[in-house]
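Enquirer: Fold the following.
(one chain, ligands or ions: 1)
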Amino acid sequence: MARRSQGIIITDKYQMRTWARSMRHNSIALVPTMGFLHDGHLSLIQEAHNHAQLVVVSIYVNPSQFAPSEDLSTYPSDFDADIRKLMTVPGGVDVIFHPHNLYDYGVESAMDCAGMANVSCLEESGSGHETWVRVERLEKGMCGRSRPVFFRGVATVVAKLFNIVDPDVALFGKKDYQQWRIIDRMVRDLDFPVKIVGFEIVRDADGLAMSSRNVRLSPIERQKALSINRSLSKAKSAAEQGELNCKSLKNLVVDEIQEAGGELDYAEIVEQKSLEAVEEIKSPVVILIAVWFGKVRLIDNIEINI
Ligand code: PAF
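Expert: Below is the predicted model of the structure:
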């Protein structure tokens, strides 16, 4: 356990649990992250202070939510810079949980993945982990369609973090809208005693939603990626002015992004809680999109509360 001027760094999951148990008389907020922190994370962490007495931030790039074909190996990370950034958050953090043994269960034989469909980097590495949390309907569409192991890995690692840290509240950014809804449903369905807080998207001054992956955009791609927020805002204004047909609204988004050179993975208009696709807006919806600019896949969304 290394001590810092603000908070402590815990790298062992058993020590993390011991700390959490010793703090039981306080309320704990958990902010799960994969590191490479940006101002969006820092706002989320600052918000955590409004929900609990103690704040734990986990930094862990989770191999079980990446397929071997995805960007685990190039996912940006800079732990020292993360620590420096965390020190700038008003109120600081109480624990930085940076586990080295999250999926380490002692003596394990490597799993034979031959012939298995939809295997993550975790199984490929031979960890022996084979228990998964699946939120079956909510994980099916959108990001779940293009990334078949993603939500299974997210729900499972978040369940593990909840079991280790035992937080009263956990905060998630609404940029990962489907993820937030899935975690919320998991908590309800499995009776985790954790309140889930969804936090508004934090954007750069030019409108691009903050994401650790933004650093991998070239300056030209970054410029082009501004079409994402522009198109979403246009569709929202059109809906507010009475255009309630989802096909027309989707076309507005798709045209603007394609004109800028983005390659759309999906653009969907869905009901906010059930994430069911709608054809005509009659209740609060959200437009969810995933777009490739070069080798970078960005996601974003906008809620429409009509
Ligand atoms: O949103 C993220 O950064 C990750 O998916 C999460 C929730 C930390 C799980 O690894």
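Enquirer: Point to the residue nearest the middle of the chain.
Expert: Asp176 (4.8 Å; CA atoms, centre = their mean).
Enquirer: ok, it - contacts?
Expert: Ile299 (CB atoms under 8 Å, 6 or more residues apart in numbering). Backbone N, C-alpha and C define where each C-beta goes, glycine included.
Enquirer: do you know how far it is from Gly7?
Expert: 25 Å (CB to CB, to the nearest Å).
Enquirer: And Glu70, by the same measure?
Expert: Applying CB to CB to Glu70 and Gly7 gives a distance of 31 Å.
Enquirer: Those two: who's more crowded?
Expert: Using other CB atoms under 10 Å as the criterion, Glu70 and Gly7 rank with Gly7 on top: 20 against 17.
Enquirer: The residue nearest to the more buried one when sequence neighbours are not counted: helix or strand, and which one exactly?
Expert: Nearest non-adjacent residue to Gly7, counting by CB to CB, 6 or more residues apart in numbering: Val93, 4.6 Å away. Here Val93 sits in a region with no helix or strand, counting by DSSP states H and E.
Enquirer: Quick check: phi and psi on Val93?
Expert: The phi/psi pair for Val93 (degrees, to the nearest 10) reads phi -130, psi 150.
Enquirer: For this protein, which residues are neighbours of the ligand?
Expert: 32-34, 62, 65, 154, 157-158, 176, 179 (CB under 6 Å from any ligand atom).
Enquirer: shouldn't Lys273 be in contact with Arg181?
Expert: Yes - using CB atoms under 8 Å, Lys273 is in contact with Arg181, at 6.8 Å.
Enquirer: Among those two, which residue is more densely surrounded?
Expert: Neighbours per residue, other CB under 10 Å: of Lys273 and Arg181, the larger number sits with Arg181, 23 against 13.
Enquirer: Show me what the mean pLDDT comes to for the helix or strand where that one lies.
Expert: Here Arg181 sits within helix 177-189, counting by DSSP H and E. For helix 177-189, the mean per-residue pLDDT is 98.
Enquirer: relative to helix 177-189, how tilted is the helix or strand just after it?
Expert: Next in sequence after helix 177-189, counting helices and strands by DSSP H and E, comes strand 195-199. Between the axes of strand 195-199 and helix 177-189, defined by axes from the mean of the first three to the mean of the last three CA atoms, to 10 degrees, the angle is 170 degrees.
Enquirer: Following element in sequence after strand 195-199, please.
Expert: helix 219-240.
Enquirer: so how far is the helix or strand just after that following helix from its chain's centroid?
Expert: Remark: after helix 219-240, the chain's next helix or strand is helix 246-259, criterion DSSP H and E. Distance, stretch centre to chain centre, for helix 246-259: 25 Å (CA atoms, centre = their mean, to the nearest Å).
Enquirer: ditto for stretch 201-217
Expert: Distance of stretch 201-217 from its chain centroid, counting by CA atoms, centre = their mean, is 14 Å.
Enquirer: ok, and what's touching that stretch?
Expert: The contact list for stretch 201-217, computed with CB under 8 Å, 6+ apart, reads 34-40, 43-44, 71, 74-76, 173-175, 222, 225-226, 228-230, 233, 293-301.
Enquirer: With stretch 140-158 instead?
Expert: 32, 60, 62-67, 70, 102, 118-120, 122, 131-135, 138-139, 170, 178-179, 182-183, 186, 265-266, 268, 270, 275, 277, 288, 290, 299.
Enquirer: Narrow the residues you listed to those in helices?
Expert: In helices, judged by DSSP state H, the following of the contacts of stretch 140-158 are found: 122, 178-179, 182-183, 186.
Enquirer: Widest-spaced pair of those?
Expert: Taking CB to CB as the measure, these span a maximum distance of 20.7 Å, between Leu122 and Gln178.
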